[in-house]
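*Asks:* Provided below are the primary sequence and the corresponding predicted coordinates.
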Amino acid sequence: MISQVKPEDLHTTGTVCIIHRVMPVSGKTGAMVVLQGLSKVQALDVRLEEGLLKSSVEVKEEVSKDSKEVRALMKNALNSAQNIIQNTPYLPQELQIALEDLSDPLKFVYLLATLVRFDMSEKQMILEEDNVKDKLIKTAAILARELEQIELGGKIVSNVKKEFNKMSREAFLRQQLKEIQRELGEESETQQEANEYRERLDKEGFPEEVVKEVSREIDRLESMHPHSSEYQVVRTYLDWVFDLPWGEVKEGPIDLKKVEKTLNQDHYGLEEVKKRLLEFLAVRTLTPSHKGPILCFVGPPGVGKTSLGKSIANALGREFVRVSLGGVHDEAEIRGHRRTYVGALPGKIIQGIRRAGTTNPVFMLDEIDKVGTDFRGDPSSALLEVLDPEQNDTFRDHYLDLDYDLSNVLFIATANVLDTIQPALRDRMEIIELSGYIDEEKEAIAKKHLWPRVLERHGLTKSKLKLNDEVNSVVINEYTREAGVRNLERELSKIARKAVFDIVHGKQKTMTINGDKVREYLGSQRIFPEVKARTSRPGVSTGLAVTQAGGEILFVEAMSMPGGKGFTVTGSLGDVMKESAKAALSVVRSRSIALGISNDFFKKNDIHVHVPQGAVPKDGPSAGVAMTVALVSLITNKPVRNDVAMTGEITLTGQVMAVGGVKEKILAAKRAGISHVVLPSRNKPDVDDVDKKLLKGLKVSYVESIDEVLPLVLTK
């Protein structure tokens, strides 16, 4: 609309034109106007009158100044224009002749600007230029740019056409090859592979659903080009399906005597665990189709959880598969990735079954307590289906997208602690706890199992390396402190390595290892009996705790100093343990008169309770008794007996509550040289379940309140 155009929106330089013709445009408002330019003008005063824009103008006379430089510029522009005309369909060839006939530089420039596709701003720029030479320079630059774009476009079109022709030729030749092979009765590479898959599908006994899905994928494969990416995806999928065992079973008759003999040969001790496994297998003998429970071995590192699974597989004559779940955060690690993703694969369960080659292996899910959870899902929830005997006969992996029967698989899980296992998952498993070993058991294990393995691994024999009776005892008591025997085997290997070096280097044929030689090879003593040294003064008591590594002794130190700041607790303690310390202090204060403590002791003194080691986080209520005893020992100035360790939760009324991990705590006490353990009365059934060998040389006292504890643990 003219009313919307302002004078300042217009250019001041323009052209005076004659209107030759006005032609209406069919179906549209407006018209097409044919104009003839007469001369260049300068607008003097643009104004709006009677709905029209009007202006007085001044004619700008332009002179075509001819020179050698102008002629050179015209020739250069003409060459570019000729190339553009030849490569541009909409420009007539007559334009080339018209340009060649023009000798006037000014008309030459204006003809080019009119017919060649210049931007409106570029045309205006050429019009406003007063010097014909400058007009030619700018015109030549624009033509050069246009020519470069045309040549680049032509090159692209040529390359595309060439590639298209190549693809068309290949497709044509392939089609011809197919026709020739058909006439000769031959098969293409794709058809050969498809027919091989069909033969395998007919021979092997697949479920109906699998046959239907695999047949569909084979038909897809047959219609694809062998070099396409989708072809490889389908082929990989089919290989996975055919490589899986769908009916293969490997199992010998269950001979309980043989199983018992195998377990005893491979593992020392663990009588309760072996008994439970034999009961489990006895039930399988009478009811082979019975869907028994999923076993979960729980215990500290190095006690033989994984090797028990191997022994069960050997005894049953089954394949053994182990999958580590430690650090797994992605649900797809269990169920697999969907085939839509690049590089998708089945999950760890299906991969393990493929490695086993049978449908009934012993499948160990190692470190099930260390499964994580993040934005990619919860692997523990995916394991719920795997470990549920009522559901796992139709386990569906995301990659296969087929039902697979896991009901014949004997799943065994292992864990260090139960706390981190999801409750629903824990409910699906039968927990079998494996406690640590006492020193006598470790010595027997070293003699019967570890040393033979270490000697064989290092090329030694009993005749080459002779061991005194004290060797195992020195290594266990002075260089290792653990519930299992993993570090023990590591230290024995170190002794063997150094002995081999001395034998080879010294050209000796045999060597005898005694206690002194062990100390020479292993260096300074690392484990010291701390109980006697620490509890020799008032304010220090010995508690018992359970960690992922098994049972441990726990020292509680109490100190008082003049001041009035109150009560301080340190040692990286959790909230529960801090509350236990406060409860212990309240119990002591409530018994001030009975214990002979002055009324103003707590007003005049600060009390500090510390539980070493400060860098190790600790929590739980079972140190309540030890904290109470440490405070009483400090205030009454009576040391705690150095042969006593205690555990139990304390209440404000002084009652001693039951705690967990009793067996592990008893083992820890024996390893530390403790001869007397104080336990809550309610834990007596737990002690009754402990092997009598573990209680040999150990006195166990049962208490109901702190008043019964103090006479047992404080020196007279």
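*Replies:* Looks like it arrived, so ask away.
*Asks:* buried stuff in stretch 458-477?
*Replies:* His458, Leu460, Lys464, Leu465, Leu467, Val471, Asn472, Ser473, Val474, Val475, Ile476, Asn477 (16 or more other CB atoms under 10 Å). All C-beta atoms are positioned from the backbone trio N, CA, C, and that covers glycine.
*Asks:* Format these as TSV; extra columns: secondary structure, distance to Gly14 and pLDDT.
*Replies:* Output for these, formatted as TSV (DSSP: H, G, I helix; E, B strand; the rest coil; distance: CB to CB, whole Å; pLDDT from 0 to 100):
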residue	secondary structure	distance to Gly14	pLDDT
His458	coil	102	89
Leu460	coil	107	88
Lys464	coil	111	87
Leu465	strand	110	88
Leu467	strand	112	88
Val471	helix	111	90
Asn472	helix	110	90
Ser473	helix	112	89
Val474	helix	110	90
Val475	helix	105	91
Ile476	helix	107	87
Asn477	helix	108	84
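*Asks:* Report the two of the residues you listed separated the most.
*Replies:* Lys464 and Asn477 (26.1 Å; CB to CB).
*Asks:* so who does Ile294 touch?
*Replies:* Leu387, Pro389, Phe411, Ile412, Ala413, Arg428, Met429, Glu430 (CB atoms under 8 Å, 6 or more residues apart in numbering).
*Asks:* And it, how far from Leu465?
*Replies:* 43 Å (CB to CB, to the nearest Å).
*Asks:* Highest neighbour count among the contacts of Ile294?
*Replies:* Ala413 (28 neighbours; other CB atoms under 10 Å).
*Asks:* which element is it on?
*Replies:* strand 410-415 (DSSP states H and E).
*Asks:* Now do that strand, average pLDDT.
*Replies:* Averaging pLDDT along strand 410-415 gives 90.
*Asks:* I'd like to know how far the spatially closest residue to Gly309 that is not a sequence neighbour sits from Gln422.
*Replies:* Distances taken as CB to CB, 6 or more residues apart in numbering put Met364 closest to Gly309, at 4.3 Å, once the chain neighbours are dropped. Per CB to CB, Met364 is found 19 Å from Gln422.
*Asks:* What ranges does the stretch 1-150 of the chain have for its strands?
*Replies:* For the stretch 1-150 of the chain, applying DSSP state E, counting those that start in this stretch gives strands covering 13-24, 31-49, 52-59.
*Asks:* per-residue pLDDT, Ser586?
*Replies:* Looking at Ser586, its pLDDT reads 92.
*Asks:* picking up where we left off before, buried ones in the next helix or strand after the strand holding Ala413?
*Replies:* Using DSSP H and E, the next helix or strand after strand 410-415 towards the C-terminus is helix 423-427. The neighbour-count check on helix 423-427 (16+ other CB under 10 Å) flags Leu425, Arg426 as buried.
*Asks:* Could you check how far the helix or strand following helix 423-427 is from the centre of its chain?
*Replies:* Counting by DSSP H and E, the element after helix 423-427 in chain order, helix or strand, is strand 429-433. Mean-position distance between strand 429-433 and its chain equals 27 Å (CA atoms, centre = their mean, to the nearest Å).
*Asks:* rewinding a little: need the strands of the stretch 1-150 of the chain in JSON lines with distance to Leu695 and mean pLDDT, can you?
*Replies:* JSON lines is the format used below for the strands of the stretch 1-150 of the chain (distance: least, CB to CB, whole Å; pLDDT from 0 to 100):
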{"stretch": "strand 13-24", "distance to Leu695": "113", "mean pLDDT": "88"}
{"stretch": "strand 31-49", "distance to Leu695": "113", "mean pLDDT": "85"}
{"stretch": "strand 52-59", "distance to Leu695": "114", "mean pLDDT": "85"}
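*Asks:* The strand holding Ala413 - contacts with which helices or strands?
*Replies:* Counting contacts by 3 or more CB pairs under 8 Å, 6 or more residues apart in numbering; DSSP states H and E, strand 410-415 packs against strand 294-298, helix 305-316, strand 362-366.
*Asks:* now the first one: how far from the chain's centre is it?
*Replies:* Right, strand 294-298. Using CA atoms, centre = their mean, the offset of strand 294-298 from its chain centre is 24 Å.
*Asks:* That strand pairs with which strands, and in what direction?
*Replies:* Sheet pairing here is set by DSSP bridges, and for strand 294-298 it gives strand 410-415 (parallel), strand 429-433 (parallel).
*Asks:* Distance to Gln96 added to the ones you listed, as JSON lines?
*Replies:* Conversion of the strands paired with strand 294-298 to JSON lines gives the following (distance: least, CB to CB, whole Å):
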{"stretch": "strand 410-415", "distance to Gln96": "86"}
{"stretch": "strand 429-433", "distance to Gln96": "90"}
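*Asks:* Nearest to Leu488, out of the ones you listed?
*Replies:* Closest among the strands paired with strand 294-298, once you apply CB to CB, is strand 410-415, at 19.7 Å.
*Asks:* Now Thr15. Nearest residue, chain neighbours left out?
*Replies:* Counting by CB to CB, 6+ apart, the residue nearest Thr15 is Gly37, at 4.5 Å.
*Asks:* Would you mind naming the residues that bridge with that neighbour?
*Replies:* Applying DSSP bridges, one finds that Gly37 bridges with Cys17.
*Asks:* For it, give me its contacts.
*Replies:* So Gly37 contacts Thr15, Val16, Cys17, Tyr110 (CB under 8 Å, 6+ apart).
*Asks:* just the buried members of these?
*Replies:* Here, 16+ other CB under 10 Å leaves Tyr110 buried among the contacts of Gly37.
*Asks:* Please identify which two of the contacts of Gly37 are farthest apart in space.
*Replies:* So, the contacts of Gly37 by CB to CB: farthest apart are Val16 and Tyr110, at 13.7 Å.
*Asks:* before we move on, the earlier item: out of the contacts of Gly37, which one sits closest to Asp691?
*Replies:* The closest of the contacts of Gly37, once distances to Asp691 are taken by CB to CB, is Tyr110, at 112.1 Å.
*Asks:* Let me see the contact set for the closest one.
*Replies:* Gly37, Ile126.
*Asks:* The one 3 residues further on now?
*Replies:* Neighbour list for Ala113: Glu122, Lys123, Ile126, Leu127, Thr139 [criterion: CB under 8 Å, 6+ apart].
*Asks:* tell me the SS of the nearest residue to Ile421 once chain neighbours are set aside?
*Replies:* Closest residue to Ile421 apart from its sequence neighbours, by CB to CB, 6+ apart: Asp369 at 5.1 Å. Using DSSP: H, G, I helix; E, B strand; the rest coil, the structure places Asp369 in helix.
*Asks:* Figure out how far stretch 96-109 is from the centre of its chain.
*Replies:* 75 Å.
*Asks:* now the end-to-end length of it.
*Replies:* 13 Å (CA to CA, to the nearest Å).
*Asks:* Please apply the same query to stretch 703-716.
*Replies:* With CA to CA, one end of stretch 703-716 sits 19 Å from the other.
*Asks:* which residues are contacting it?
*Replies:* Here stretch 703-716 makes contact (CB under 8 Å, 6+ apart) with 541, 587, 591, 625, 628-629, 632-633, 636, 638-641, 644, 646, 648, 650, 653-656, 676, 678-681, 701.
*Asks:* so of those residues, which ones are in strands?
*Replies:* Residues of those located in strands (DSSP state E): Ser541, Val644, Met646, Ile650, Val656, His676, Val678, Leu679, Pro680, Ser701.
*Asks:* Can you pick out the most distant pair from those?
*Replies:* That would be Ile650 and His676, which, of the ones in strands among the contacts of stretch 703-716, are the farthest apart (CB to CB) at 19.2 Å.
*Asks:* Compare these two and say which is more crowded by neighbours.
*Replies:* Neighbour totals were compared for Ile650 and His676, and Ile650 leads with 28 against 16 (other CB under 10 Å).
*Asks:* doesn't Val587 make contact with that one?
*Replies:* Yes: when contacts are counted by CB atoms under 8 Å, Ile650 is listed as touching Val587 (6.0 Å).
*Asks:* Now for those two: what residues contact both?
*Replies:* With CB under 8 Å, 6+ apart, Ile650 and Val587 have common neighbours Thr628, Ile706.
*Asks:* So what's the gap between stretch 657-664 and the chain middle?
*Replies:* 35 Å.
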